[in-house]
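**Student:** Give me coordinates for this.
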Amino acid sequence: MKKFVYIVTDRNRTSLHVGMSSDLIKTLDFYKQMPCLFFDSGQQLTRLVYFEEFKTEAQALSRFKLMSKFTRMQKERVVRSCNPDWIDLTIGLDFEHITSSKKMINQVNLPFMLS
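**Tutor:** Numbers count the residues shown, from 1 in each chain. Okay, here's the model as predicted:
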């Protein structure tokens, strides 16, 4: 089973939170449903800015423990190494999840016509 280690932040990048999950989509939905669970309402952790995928829970746990000890500057370096613009990666995950769970069906068949 896949495991993920991730970093989420708020819109102003004031808080960086390291977490571990087996289902990133569900975890991020949880953050959005419970915005004040970990921090105050001004620091809603809704932006996924970094994640790593691991094959085993032991590998993920080891990385999670290491990254949890990182200073803010180290976490920022990790994010910038693969996401220099701090783009919210949730959109890409949602797209991948949607396309992998549904079969792609051609709904429009256009005939090839020569004019």
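**Student:** The most centrally placed residue in the chain: what's it in contact with?
**Tutor:** The structure's the chain has its C-alpha centroid closest to L48; by CA atoms, centre = their mean the separation is 4.0 Å. Counting by CB atoms under 8 Å, 6 or more residues apart in numbering, L48 touches 6-8, 24, 28, 88-90, 93. (Each C-beta comes from the backbone N, C-alpha and C, glycine too.)
**Student:** for those residues, which one is nearest A58?
**Tutor:** Proximity of the contacts of L48 to A58 (CB to CB) peaks at Y6, which lies at 17.4 Å.
**Student:** re the thing from before, gap between the residue nearest to the centre of the chain and A58?
**Tutor:** L48 sits 23 Å away from A58, going by CB to CB, to the nearest Å.
**Student:** Now do M73 against F4, distance only.
**Tutor:** 23 Å.
**Student:** How about I91?
**Tutor:** Per CB to CB, I91 is found 16 Å from F4.
**Student:** Repeat that for R80.
**Tutor:** 19 Å.
**Student:** and the two? which has more neighbours close in?
**Tutor:** A direct count of neighbours by other CB atoms under 10 Å for R80 and F4 places F4 higher, at 20 against 13.
**Student:** which SSE is P84 in?
**Tutor:** Assigned by DSSP states H and E, P84 belongs to no helix or strand.
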